[in-house]
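Undergrad: Sequence first, predicted model second:
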Amino acid sequence: MTDGNTDDLRSVRRVVVRGRVQGVGYRAWAEYTALKRGLEGWVRNRSDGSVEAVYAGPARVIGGMLEACRHGPPGAWVDVLDHHECIPEELTLRRPGERFSVLPNVDSSV
């Protein structure tokens, strides 16, 4: 039974950030910021120059993370932030034993 408060509902969101987001420490910033907020997930560069991430945790906390992602670390310039709900199985890309992983680059044309 819930008290009607949706702030603590678990959410899993896939995020793609476009702009000047590679070569500026965006992935390290995303990992640090997500862990500081108690989120799980992963982040990686894509070959099209964007950064892709999956964040899992309370919907309210993910909302704050998405807002932070719109700015990113110093030196980043975010043009577009796309995000959508995804399935929890997306988290299986993390390395075993890690709450949050920085993954190898991926070819975004696949």
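TA: Arrived safely, thanks for sending. Numbering: from 1, shown residues only.
Undergrad: Helices of the protein, start to end?
TA: 26-36, 59-69 (DSSP state H).
Undergrad: Contact partners for residue 65?
TA: The contact partners of residue 65, taken as Cβ atoms under 8 Å, 6 or more residues apart in numbering, are 33, 34, 37, 39, 55. The way it works is simple: take the backbone N, C-alpha and C, and place the C-beta from them, glycine included.
Undergrad: Quick one, grab the pLDDT at it.
TA: On the pLDDT scale, residue 65 is placed at 98.
Undergrad: Next: residue 9.
TA: Residue 9 carries a pLDDT value of 75.
Undergrad: can you check residue 110 too?
TA: Confidence score, pLDDT, at residue 110: 53.
Undergrad: same question, residue 73
TA: 98.
Undergrad: returning to that earlier point: could you pick out the buried ones from the contacts of residue 65?
TA: The neighbour count (16 or more other Cβ atoms under 10 Å) marks 33, 34, 39, 55 as buried among the contacts of residue 65.
Undergrad: Tell me where the protein has strands.
TA: With strands called from DSSP state E, the chain shows them at 10-20, 40-45, 51-58, 77-85, 100-102.
Undergrad: dump the residue contacts of residue 30.
TA: Neighbour list for residue 30: 43, 51, 53, 69, 72 [criterion: Cβ under 8 Å, 6+ apart].
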